[in-house]
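Chemist: From the sequence below, what's the structure:
(chains A and B)
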Protein chains: 2
Amino acid sequence: MSDNQSPLNEFNHLNIVLIETSHPGNIGSAARAMKVMGLNQLHLVAPKTFPNAQATALASGAQDVLANATVSPDLDSAIADGRLILGTSARLRSLAWPQLDVREAAALARKEAQKGPVYVLFGRESSGLNNEELRRCHYLVHIPTADDYSSLNLSQAVQVFSYELRMALLQGHAPMVEPADYEPVGDDKMEGLFQHLEQALLELRFLDPSHPKRLMLRLRRLFLRARPDVNEYNILRGILSAIEKFAAKQ
Amino acid sequence: MSDNQSPLNEFNHLNIVLIETSHPGNIGSAARAMKVMGLNQLHLVAPKTFPNAQATALASGAQDVLANATVSPDLDSAIADGRLILGTSARLRSLAWPQLDVREAAALARKEAQKGPVYVLFGRESSGLNNEELRRCHYLVHIPTADDYSSLNLSQAVQVFSYELRMALLQGHAPMVEPADYEPVGDDKMEGLFQHLEQALLELRFLDPSHPKRLMLRLRRLFLRARPDVNEYNILRGILSAIEKFAAKQ
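Modeler: Got it, this is the predicted structure:
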C-alpha cells in the first residue's frame, strides 16, 4: 500500500522535533532522512541558525520538509497537542524513567499515531536532551549501539528512528522472499529430472553403474535445495538431452 | 552481552563493501555508521579517492575502521571467501532475483555469519550496483522507503543496514536449519563453476554462442539458490569435465 493511500494517514501524526540544533547541515540531513521514510512533520525548537544554505543543501530533495518545518522558541509550543512524547536518550538519568528501544517505541508510536500526534524529541549534538525535556516524555528511547563507540550522530539517529517508524507503519505487509513469478516444480517433475539425470550421467561414463546411489543422493539433495521452477527445469532437461545426444554418437 | 564477549564473534564475519564510491566523505560516514553498530570490516572496491582527508574527517572516532579497510581494484578479490553475498538494490532488474527486505536479510546474515563471511555490497552513489555485481548476490536487499522519494543516500543506507545487523545479532541465537556438515562454497568457487558451466554448454552446442547471457543468468540464479557445498561443487565440476571430454571427441 503506498503512503498516501493509508486511510488514517498516520505518517502525518509522526512528528520529529529537533531541539537547539547547532549545525544547520544536520537540520537538512534530518529533513532528508525523514522524507526518504515518508515522514514530513519537522519541528525546530530554538535552532542556532535557520534557515540556512547548509540546511537547504543537505536536505537534497526534501526542501519541502524544511519549508513546512515549524520553528518555536521553546518546547511547550512545539508539542502542545502531543498525545505521546518520546525522547531519544543515550543513557539513564538520575531517576529511572520508562525506557524502550527504538523498535518497541516505533510500534507504540504507530498505535498512538492512529489517534493523535506523536512527537519524537532529539536533543543537542553535544549534550542531547536536558532533564526538563526528558521529563516531558512518556518514554525514553535508546537506539542500540556498540558498547565501545556509541556516538550516533543526530542525522543518523533521525534516520534510524524514521526507518523504524516506517517499518512499524508498514507492518501487515507480507515480506517478499521470492520473485513473484517463482513457482518450484512439483515432485513428479523432480523425479523425472532425477531419472533423466542418472541416465545422462551413466551415458557420460561419469556415474559408475555398479555404484550410482551415493552420487545420485548428493545430486538429489542439491537439486531439491535448488527447487527449480519450470523454466529452470526445462533448461536442465534440455542440457541432459543434449548430453545424451552427444554420448549416443560415441 | 557486549560485543567482544560473543563467543562466535559474528561481528567479524559481517563485511561492508563499498563499490566505486565517488565521494570520500561517504566512506568516512560509512565507517562511522558501521562502528557505532559494532561492525568493523570495511572493504573498498576501486574507490575514486582514498585515502582522503574528507573520509578521515567524517569518520570521526572510527578512523580505525578506515585504517583497517581493504582496498581492491575489483569485486572478485574483495569477496572471494564469501559464504553469503547480499546486494543492496532499489529495484528489480530484468530477471527477477530472490529479494529480501533489510530486516529479513539481517536475520539471514546473522545465521550465516556464525559459520563464515557475509558480504553486503553497496554500489555507486549515482547508479548503485551494476548487473554484473547484482548477479553475484544470493539475495538483493531493499530498504523500505517512501514511494515518492526513495533516495536514501549511501551513508544512510549503510547506517540502517548496520543497525539492522546489530539488532539481529543482539537477538538470541537463531536455530540452525542445515545439517551440521553443510558448508556452501565461497564466491570464487561459484564464479569458477559458472565459467566452466558456460564453456561446457557451449561445447555441447546447447548454449548459443551469440546469445549466451539469458540462459546463463537463469542457471546462475538456480545454482546460487542451490548453494552447493564442496562435495556437490566437485561433482558438478566433474560432470562438466566429463561433458567437455565427450564434446572434444566430436
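
Chemist: can you pull the contacts of residue A:13?
Modeler: A:41, A:112, A:113, A:114, A:116, A:117, A:118 (CB atoms under 8 Å, 6 or more residues apart in numbering or on different chains). C-beta here means a position set from N, CA and C on the backbone, and glycine is covered the same way.

Chemist: Helices of chain A, residue ranges please.
Modeler: A:24-35, A:53-59, A:63-67, A:75-79, A:102-113, A:131-134, A:154-170, A:187-203, A:213-226, A:230-248 (DSSP state H).

Chemist: counting contacts, what elements does the second one pack onto?
Modeler: Here helix A:53-59 touches helix A:24-35, helix A:63-67, going by 3 or more CB pairs under 8 Å, 6 or more residues apart in numbering or on different chains; DSSP states H and E.

Chemist: in it, what's buried?
Modeler: A:54, A:55, A:56, A:58, A:59 (16 or more other CB atoms under 10 Å in any protein chain shown).

Chemist: swap in the longest one?
Modeler: With burial defined by 16+ other CB under 10 Å, the residues of helix A:230-248 counted as buried are A:231, A:232, A:233, A:235, A:236, A:237, A:239, A:240, A:242, A:243, A:246, A:247.

Chemist: contacts with chain B among the residues you listed, please.
Modeler: A:231, A:232, A:235, A:239, A:242, A:243, A:246, A:247 (CB under 8 Å from any CB of the partner chain).

Chemist: how far away is the third one from residue B:244?
Modeler: Separation of residue A:235 from residue B:244 (CB to CB, to the nearest Å): 19 Å.

Chemist: do the second one as well
Modeler: Distance from residue A:232 to residue B:244, counting by CB to CB: 22 Å.

Chemist: Please apply the same query to residue A:112.
Modeler: 66 Å.

Chemist: same question, residue A:60
Modeler: In terms of CB to CB, residue A:60 sits 53 Å off from residue B:244.

Chemist: do the same with residue A:125
Modeler: Distance from residue A:125 to residue B:244, by CB to CB: 63 Å.

Chemist: In terms of residue numbering, what are the domains of chain A?
Modeler: A:7-171, A:187-249 (automatic domain parsing).

Chemist: Any idea which of these gets closest to residue B:160?
Modeler: Between residue B:160 and these, the tightest spacing by CB to CB is seen for domain A:7-171, at 5.1 Å.

Chemist: Check the offset of stretch A:234-246 from the chain's centre.
Modeler: In terms of CA atoms, centre = their mean, to the nearest Å, the centre of stretch A:234-246 is set 43 Å apart from its chain centre.

Chemist: Please apply the same query to stretch A:228-246.
Modeler: That offset, for stretch A:228-246, works out to 39 Å (CA atoms, centre = their mean).

Chemist: what's the answer for stretch A:44-59, then?
Modeler: Relative to its parent chain, stretch A:44-59 has a centroid offset of 27 Å by CA atoms, centre = their mean.

Chemist: contacts for that stretch?
Modeler: A:17-29, A:31-32, A:63, A:65-66, A:69-75, A:78.

Chemist: coming back round to it: would you turn the helices and strands packed on helix A:53-59 into CSV with mean neighbour count?
Modeler: Listed next are the helices and strands packed on helix A:53-59 as CSV, based on neighbours: other CB atoms under 10 Å in any protein chain shown:
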stretch, mean neighbour count
helix A:24-35, 27
helix A:63-67, 17
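
Chemist: Dump those helices to TSV, plus distance to residue B:11.
Modeler: Output for these, formatted as TSV (distance: least, CB to CB, whole Å):
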stretch	distance to residue B:11
helix A:24-35	25
helix A:63-67	35
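
Chemist: For chain B, find the nearest of these.
Modeler: Closest approach to chain B among those is made by helix A:24-35 (5.0 Å; CB to the nearest CB).

Chemist: Can you show me the CA trace of the closest one as PDB?
Modeler: The C-alpha trace of helix A:24-35 is given here as PDB (Å, rounded to 0.1, in the frame of the first residue of the first chain):
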ATOM      1  CA  PRO A  24      22.200  23.700  10.200                       C
ATOM      2  CA  GLY A  25      23.600  20.900   8.000                       C
ATOM      3  CA  ASN A  26      22.100  18.400  10.500                       C
ATOM      4  CA  ILE A  27      18.700  20.000  10.000                       C
ATOM      5  CA  GLY A  28      18.900  19.500   6.300                       C
ATOM      6  CA  SER A  29      20.100  15.900   6.700                       C
ATOM      7  CA  ALA A  30      17.300  15.200   9.200                       C
ATOM      8  CA  ALA A  31      14.700  16.500   6.700                       C
ATOM      9  CA  ARG A  32      16.100  14.200   4.000                       C
ATOM     10  CA  ALA A  33      16.300  11.300   6.400                       C
ATOM     11  CA  MET A  34      12.600  11.800   7.300                       C
ATOM     12  CA  LYS A  35      11.300  12.300   3.800                       C
END
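
Chemist: so what secondary structure elements neighbour it?
Modeler: Judged by 3+ CB pairs under 8 Å, 6+ apart, helix A:24-35 is in contact with strand A:14-19, strand A:41-45, helix A:53-59, helix A:63-67, helix A:154-170.

Chemist: could I get these as JSON lines with mean pLDDT and distance to residue B:142?
Modeler: Shown next, in JSON lines, are those (pLDDT from 0 to 100; distance: least, CB to CB, whole Å):
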{"stretch": "strand A:14-19", "mean pLDDT": "98", "distance to residue B:142": "21"}
{"stretch": "strand A:41-45", "mean pLDDT": "98", "distance to residue B:142": "25"}
{"stretch": "helix A:53-59", "mean pLDDT": "96", "distance to residue B:142": "23"}
{"stretch": "helix A:63-67", "mean pLDDT": "96", "distance to residue B:142": "22"}
{"stretch": "helix A:154-170", "mean pLDDT": "95", "distance to residue B:142": "12"}
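
Chemist: In space, what's closest to residue A:149 - neighbours in sequence excluded?
Modeler: Excluding the flanking residues, the one nearest residue A:149 by CB to CB, 6 or more residues apart in numbering or on different chains is residue B:35, at 5.0 Å.

Chemist: Contact partners for the one you found?
Modeler: If a contact means CB under 8 Å, 6+ apart, then residue B:35 has A:146, A:149, B:61, B:62, B:64, B:65 as its contacts.

Chemist: for those, which one is nearest residue B:188?
Modeler: residue B:65 (24.8 Å).

Chemist: how much space between that closest one and chain A?
Modeler: From residue B:65 across to chain A, the span is 9 Å (CB to the nearest CB, to the nearest Å).

Chemist: I'd say that residue and residue B:31 touch.
Modeler: Yes: at 4.1 Å, residue B:65 counts as touching residue B:31 under the criterion of CB atoms under 8 Å.

Chemist: Out of the domains of chain A, indicate the one that is most buried.
Modeler: Of all these, domain A:7-171 carries the top mean neighbour count, a mean of 19, counting by mean count of other CB atoms under 10 Å in any protein chain shown.

Chemist: which stretches of chain A aren't confidently modelled?
Modeler: A:1-9, A:91-96, A:172-182, A:250 (pLDDT under 70).
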